[in-house]
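Chemist: fold the following, please.
(2 chains)
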Amino acid sequence: DAGVTQSPTHLIKTRGQQVTLRCSPKSGHDTVSWYQQALGQGPQFIFQYYEEEERQRGNFPDRFSGHQFPNYSSELNVNALLLGDSALYLCASSLLQGTSPLHFGNGTRLTVT
Amino acid sequence: DAKTTQPPSMDCAEGRAANLPCNHSTISGNEYVYWYRQIHSQGPQYIIHGLKNNETNEMASLIITEDRKSSTLILPHATLRDTAVYYCIVRVNYGGATNKLIFGTGTLLAVQP
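Modeler: Got it, this is the predicted structure:
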């Protein structure tokens, strides 16, 4: 049973560019969330998707957007990249109902130069 | 801000029990305590969660005080592979749990040979 998979594992972009990160949730999960983890910090919540809609959002600007597809997979898009967007981007999946724990992927390491 | 307080670092001898404390004095009645760990360059790994009763699984035990203001994660026989940052998180559950986990800085557990 595959867990949460993310692609690519590493990415280098230039300031001002746009990036798309991809996530496939754990089998059977219907909810996907994205987190940003700067070096030496704990992960910070970006947003959560369920039934192809954004359900909850953290304190991130509109440059960060997402999408969830009918097969529950998800994309994170970041426009107009800044140097400060360099971080590990983590995807987590779970079931919306109950106390189902979040299962995290190993992330995409984004470097903005 | 995180609703939990943890010591920044702890050491443990290999083969001994590791006891990681967490303070969550402002926890509400509908908030669960979750523990995750993060090994370098990987995504957070779910360990265990509980509401008010002690819990045990194949990885660890979770002891929650009667007033629910603090808890302890116990790794019964620590190995070198348990060296990681351990995060204690309170998570609201309204019947559908939020995916907005608020990570603090965690405890860096170093298991010594």
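
Chemist: now do the helices in chain A.
Modeler: In chain A, no helices are defined using DSSP state H.

Chemist: what pairs with the helix or strand of it with the lowest mean pLDDT, and is each one parallel or antiparallel?
Modeler: Least confident helix or strand of chain A, by mean pLDDT, DSSP states H and E, is strand A:53-57 with a mean of 90. Using DSSP bridges, strand A:53-57 pairs in its sheet with strand A:44-50 (antiparallel).

Chemist: so what's the model's average confidence on the partner strand?
Modeler: The average pLDDT within strand A:44-50 is 93.

Chemist: buried set for that strand?
Modeler: A:44, A:45, A:46, A:47, A:48, A:49, A:50 (16 or more other Cβ atoms under 10 Å in any protein chain shown). Just so you know, the C-beta spots here come from the backbone N, C-alpha and C atoms, and that holds for glycine as well.

Chemist: in the chain, which residue is closest to the centre?
Modeler: In the absence of a named chain, this looks at chain A. In chain A, the residue lying closest to the centroid (Cα atoms, centre = their mean) is residue A:34, at 3.1 Å.

Chemist: meant chain B, my bad for not saying
Modeler: Mean-position check on chain B, Cα atoms, centre = their mean. Result residue B:35 at 3.2 Å.

Chemist: what's that residue in contact with, if anything?
Modeler: Applying Cβ atoms under 8 Å, 6 or more residues apart in numbering or on different chains to residue B:35 gives the contacts B:20, B:22, B:46-49, B:60, B:62, B:73, B:86-89.

Chemist: within the helices and strands, which one has it?
Modeler: Using DSSP states H and E, residue B:35 maps to strand B:31-38.
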